[in-house]
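Asks: Can you look at this prediction? I've put the sequence above it.
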Amino acid sequence: MKIIVPKNAGVCWGVERAIDMAEAVTHRHAEAKVCHPEARSAEGSSSALISSLGPLVHNPEVVEDFQKKGVQVISDLKEASGGTVIFRSHGVPVELYGLAKEKSLNVVDATCPFVKKSQNFARRLHKHGYVVIVVGDENHPEMKSVKSFIPGEKLITMNPKDIEKIEATKKVGIIAQTTIPKKTLDEMVDACQARFQEVKVHDTICDATKVRQEEAAEVAAQVECMIIIGGENSSNTKKLTHICKTLQPKSYQIEHEREIDFSWFEGIQTLGITAGASTPVPVIHRVKQYIEDVMTSA
């Protein structure tokens, strides 16, 4: 069986950057314990704590690895009693920067620069009097962060019909969740241009997202089965799965190789494997090797 893996499958630059920043924090803390014996006795003290506000990335293996290195995941900044807090790649609501300062927390801001760009565009559009339309999933952490930068009228949706809630006489500015398909943004832009006289568009979809979606579609169109690796709660992985399923119905999303049902591969000669932007490349290689080993020994 031939296995095809897209060239750019797996962890994106923004996630890799967040992982590197978290690694640096854990490394510094580990070094401090070795170089300063008194730090060991303070291991349980607030100054020695490292927290991540929400999972660092949407990948359970990566999160578990950091927990072993002392990074505890918290769901609310109020849970942080001191030490260092990592703001994850998806970004956080703007008011949390002030709260972290009040609590004297050392902030490591791992917000993806592409998300930062969306935040800045959102703030700028509001400042210039635009109703801001953010094309994305309002329940996604990135969207909760971006909308906090828009104190005025705003709409967060992926449904073009929702724009009817905004008066047609108003001017609108459009930005996008960094991980949505380009087609979704284009459909919203077309609908807005048909309703409003002034429409300003900032395409804030991450280049890495576009490339990964295009490559996944290209592979899915030429194979008999597709495996998509990524966290169950990963938005970009779900979108990759949706794209693949439209081209190859035998597309399956997994978090771990143990979830693979080898009956999926019965009678096929070509298999594609891709992964979400929070999945490290070694995980892709491991899944590929596992499939090859089992198929060879069968």
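Replies: Yes, it's here.
Asks: separation between residue 101 and residue 79?
Replies: Using CB to CB, to the nearest Å, we find residue 101 at a distance of 17 Å from residue 79. (C-beta placed from N, C-alpha, C; glycine too.)
Asks: what sits up against the helix or strand harbouring residue 242?
Replies: Assigned by DSSP states H and E, residue 242 belongs to helix 235-247. Judged by CB atoms under 8 Å, 6 or more residues apart in numbering, the contacts made with helix 235-247 from elsewhere in the structure are 58, 137, 140, 142, 177, 179-181, 209, 212-213, 216-217, 220-221, 226, 228-231, 251, 253, 272, 274-279.
Asks: and these, which of them are in helices?
Replies: Residues from the contacts of helix 235-247 lying in helices, with DSSP state H as the criterion: 142, 209, 212-213, 216-217, 220.
Asks: from the residues you listed, which is closest to residue 201?
Replies: Minimum separation from residue 201 among those (CB to CB) is found for residue 209, which lies at 17.0 Å.
Asks: before we move on, the earlier item: show me the two of the ones in helices among the contacts of helix 235-247 that sit farthest apart.
Replies: The widest separation within those, taken as CB to CB, falls between 142 and 220 and amounts to 25.2 Å.
Asks: one step back: any quick PyMOL command for the buried ones out of the contacts of helix 235-247?
Replies: Buried members of the contacts of helix 235-247, identified by 16 or more other CB atoms under 10 Å, are gathered into one PyMOL selection as follows:
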select buried, resi 58+137+140+142+177+179+180+181+209+212+213+216+217+220+226+228+229+230+231+251+253+272+274+275+276+277+278+279
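Asks: now, which of the contacts of helix 235-247 lie within strands?
Replies: Per DSSP state E, strands hold the following members of the contacts of helix 235-247: 226, 228-229, 251, 253, 272, 274-275.
Asks: So which of the residues you listed is the closest to residue 159?
Replies: Of all the ones in strands among the contacts of helix 235-247, the one sitting nearest residue 159 is residue 253; the distance, using CB to CB, is 23.6 Å.
Asks: Could you check how far residue 267 is from residue 80?
Replies: Counting by CB to CB, the gap from residue 267 to residue 80 is 53 Å.
Asks: Among these two, which residue is more densely surrounded?
Replies: Between residue 267 and residue 80, residue 80 has the larger neighbour count (other CB atoms under 10 Å), namely 21 against 7.
Asks: Tell me which residues touch that one, please.
Replies: Contacts of residue 80 (CB under 8 Å, 6+ apart): 49, 51, 53, 74, 100, 103, 105.
Asks: I'd assumed residue 86 was in contact with the last one.
Replies: In other words, residue 105. No. Checked against CB atoms under 8 Å, the pair residue 105 and residue 86 is beyond contact range at 10.2 Å.
Asks: okay, the two: which has more neighbours?
Replies: With other CB under 10 Å as the criterion, residue 105 and residue 86 differ in neighbour count, and residue 86 comes out ahead with 24 against 21.
Asks: Make sure the more buried one is actually in contact with residue 110.
Replies: Yes. Residue 86 is within contact range of residue 110, at 5.7 Å (criterion: CB under 8 Å).
Asks: Find residues that contact each of those two.
Replies: Between them, residue 86 and residue 110 share the contacting residues 18, 21-22, 56, judged by CB under 8 Å, 6+ apart.
Asks: now the helices for this protein?
Replies: Under DSSP H, the chain gives helices at 13-35, 37-41, 60-68, 95-102, 113-127, 141-147, 182-195, 207-220, 235-247, 281-297.
Asks: Which one of these lies nearest to residue 258?
Replies: Nearest of the helices of the chain to residue 258, taken as CB to CB: helix 281-297 at 8.9 Å.
Asks: list the helices and strands the closest one packs on?
Replies: For helix 281-297, the elements it packs on are strand 2-4, strand 225-229, strand 270-275, judged by 3 or more CB pairs under 8 Å, 6 or more residues apart in numbering; DSSP states H and E.
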